[in-house]
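Engineer: Sequence and predicted structure, then a few things I'm wondering about:
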Amino acid sequence: MYIKMLGSLMVLGASAWTGFWLGDRYYQRVAMLRQWRKTLCFIEGEVRYCQVPLAEVFARVGKRSGKDCGPWMLWLSEELEQYEGKSFCRIWEDGVRKYLEHTALKASDLDQIMELGNQLGFLDTKMQEGLLCQAIRRLDYDIGELERTLSQKQRVSRLLGISAGIFCVVMFL
């Protein structure tokens, strides 16, 4: 009897925790996109006003960016400084895979970031500014849409986690 109760509590606790974890992933995604937007604003400012090579831009931005984008920007700067024959696009994609793939960002977010890297290194200063402005506007739209539905998605994932736990407990008893 006690073992059944203990098992039921463990199943209910695990499924509730999973629901809360999934709800938190929605919040983490929005926070990551906000940080990415901030990083893009830093990059745009450096490109517009300093007009220095991208390696130096990423070094400066990496020091000011948050804990998720900062190390990636510093790594990009180091890789560009070393220049081992890889193209900028390849270095950018390697950095995305290394630093951002295991975050709360979805595949569509990562695709947008990779697409930005495919276009960023080849354009003149004005075109890069326009590209960065366009990416920032797109992020503003995405963040607005996600924030509008954030509390609903969190609530639903928590409720589904708890409900799934109750369902499993009832089925096992």
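Structural biologist: Here it is on my side, so go on.
Engineer: where does this structure have low pLDDT?
Structural biologist: Within the chain, the stretches with pLDDT under 70 are 123.
Engineer: For Lys38, give its distance to Ser87.
Structural biologist: From Lys38 across to Ser87, the span is 27 Å (Cβ to Cβ, to the nearest Å). Glycine gets a C-beta too; all of them are placed from N, C-alpha and C.
Engineer: more crowded one of those two?
Structural biologist: Relative neighbour count places Lys38 above the other of Lys38 and Ser87, with 17 against 11, counting by other Cβ atoms under 10 Å.
Engineer: which other helices and strands contact the helix or strand containing the more buried one?
Structural biologist: For Lys38, the host element (DSSP states H and E) is helix 2-45. When contacts are defined as 3 or more Cβ pairs under 8 Å, 6 or more residues apart in numbering; DSSP states H and E, helix 2-45 packs onto helix 54-64, helix 107-120, helix 125-172.
Engineer: make it 7 Å
Structural biologist: Contacting helix 2-45 under the criterion 3 or more Cβ pairs under 7 Å, 6 or more residues apart in numbering; DSSP states H and E are the following elements: helix 54-64, helix 125-172.
Engineer: Next, the angle from it to helix 125-172.
Structural biologist: 170 degrees (axes from the mean of the first three to the mean of the last three Cα atoms, to 10 degrees).
Engineer: so how far is helix 2-45 from its chain's centroid?
Structural biologist: Relative to its chain's centre, helix 2-45 lies at 13 Å (Cα atoms, centre = their mean, to the nearest Å).
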